[in-house]
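Undergrad: structure here, sequence nowhere to be found:
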């Protein structure tokens, strides 16, 4: 089935068995609200790792004693770094089918993941965006892990995003490689990389997607902007994937959409042994809920199970 909006994704995942998720440093109300909601909607079985007394106190404040928050397994950890180590070990032991960032910094969360949960693929982060002003889910990458990717790193980032788009049942994803302009300018390295990525897709070095670039943000998502600028492209105005030049521009773009345009953002890392849920520490419970649903979808896809 296709997922035009996150409600479609939540509805598809709900009938499937809950997946176990290690929540690393679950010592913040938004984190626990997301865990409560994901459990109530039958998406995940959270395992809360961190300061056990603080987690219990927060759960009581959120209504655990009244049944509004279910009882969870709590695993004590002396520090956020220890919580990250414990979460990774639970994944390796088969006790958790996904791992989720709680209220710790991304570098502390990712350090043991990079050390022990890597596969042969490059790890990259993807924001999946549900925004009222766009007609479908929009993937933005990489805004959280790869800081200043070179051409080959961008190719790996793009392929990870294409793979996720297929999991979201987009049969032929359209990927726009972003820059400030839509023509190749040797003085702007991102335009040269974009042109190379487009040619790599033509030659089969990047597979299973339509790729075009360089494209500016406006003509990547607006067919009217593309028409006015005379851009003839199967991608322009209808992109499923936006590949940004670097982490800074991607992070700014994603947070602009979230805070100024009311977008809901699911954050996921591709390329690890299990789905890695990576959201901002300030993200609301809804963002954590849909990120958990996305992780469940990836898990079941890897297991060969398709939602009805």
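TA: Right, received. Where do you want to start? Please read all numbers here as calculations on a predicted model, not as lab measurements.

Undergrad: chain center to stretch 141-151: distance?
TA: 13 Å (Cα atoms, centre = their mean, to the nearest Å).

Undergrad: that stretch: end-to-end distance?
TA: 14 Å (Cα to Cα, to the nearest Å).

Undergrad: likewise stretch 169-186?
TA: With Cα to Cα, one end of stretch 169-186 sits 36 Å from the other.

Undergrad: show me what contacts residue 116?
TA: 88, 92 (Cβ atoms under 8 Å, 6 or more residues apart in numbering). Just so you know, the C-beta spots here come from the backbone N, C-alpha and C atoms, and that holds for glycine as well.

Undergrad: all helices of the stretch 151-300 of the chain, in order?
TA: With helices called from DSSP state H, counting those that start in this stretch, the stretch 151-300 of the chain shows them at 151-167, 189-202, 217-221, 223-228, 247-260, 285-302.

Undergrad: buried residues of the fourth one, list them for me.
TA: When you say that, I think you mean helix 223-228. 225, 226 (16 or more other Cβ atoms under 10 Å).

Undergrad: mean confidence score for stretch 263-281?
TA: What stretch 263-281 shows for mean pLDDT is 93.

Undergrad: now it, how far from the chain's geometric center?
TA: Relative to where its chain is centred, stretch 263-281 has its mean C-alpha point 4 Å off (Cα atoms, centre = their mean).

Undergrad: cool, and stretch 193-209?
TA: 22 Å.

Undergrad: helices and strands of this structure: which one bottoms out on pLDDT?
TA: Here the helix or strand of the chain ranked lowest by mean pLDDT, DSSP states H and E is helix 29-40, holding a mean of 86.

Undergrad: just checking, next helix/strand downstream of that helix?
TA: Once helix 29-40 ends, the next helix or strand along the chain (criterion: DSSP states H and E) is strand 44-50.

Undergrad: contact partners of that following strand?
TA: So strand 44-50 is contacted by 18-27, 32, 35, 38-39, 55, 72-77, 80, 83, 86-87, 90, 95-96, 98, 100, 102-103, 292, 295-296 (Cβ under 8 Å, 6+ apart).

Undergrad: just the buried ones from these, in ChimeraX syntax?
TA: Selecting only the buried entries of these in ChimeraX, with 16+ other Cβ under 10 Å as the criterion:
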select :18,19,20,21,22,23,24,25,26,27,32,35,38,39,55,72,74,75,77,80,83,86,87,90,96,98,100,102,103,292,295,296
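
Undergrad: strands - which of the contacts of strand 44-50 land there?
TA: Under the assignment DSSP state E, the contacts of strand 44-50 contribute 19, 20, 21, 22, 23, 24, 73, 74, 75, 76, 98, 100 to strands.

Undergrad: what's around residue 107, how many residues?
TA: Applying other Cβ atoms under 10 Å, we find 9 residues neighbouring residue 107.

Undergrad: just the pLDDT for it.
TA: Reported pLDDT for residue 107: 92.

Undergrad: now do the SS call for it.
TA: helix (DSSP: H, G, I helix; E, B strand; the rest coil).

Undergrad: pLDDT value on residue 186, please?
TA: On the pLDDT scale, residue 186 gets 96.

Undergrad: spatially nearest residue to it (excluding sequence neighbours)?
TA: What sits nearest to residue 186 in space, not counting adjacent residues and going by Cβ to Cβ, 6 or more residues apart in numbering, is residue 192, at 6.2 Å.

Undergrad: which ones are touching the one you found?
TA: 184, 185, 186.

Undergrad: just to revisit the earlier point, any chance of the ones in strands among the contacts of strand 44-50 in TSV, with pLDDT and distance to residue 123 too?
TA: Below are the ones in strands among the contacts of strand 44-50 laid out as TSV (pLDDT from 0 to 100; distance: Cβ to Cβ, whole Å):
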residue	pLDDT	distance to residue 123
19	95	20
20	95	21
21	96	18
22	96	17
23	95	19
24	96	16
73	90	27
74	93	28
75	95	24
76	95	28
98	96	14
100	94	15
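
Undergrad: so which two of those residues are the farthest from each other?
TA: The span of the ones in strands among the contacts of strand 44-50, defined through Cβ to Cβ, is set by 19 and 76 at 22.7 Å.

Undergrad: where does pLDDT dip in the stretch 1-150 of the chain?
TA: Within the stretch 1-150 of the chain, the ranges that satisfy pLDDT under 70 run 1, 64-70.

Undergrad: one more time with 80
TA: Applying pLDDT under 80 to the stretch 1-150 of the chain picks out residues 1-2, 63-71.
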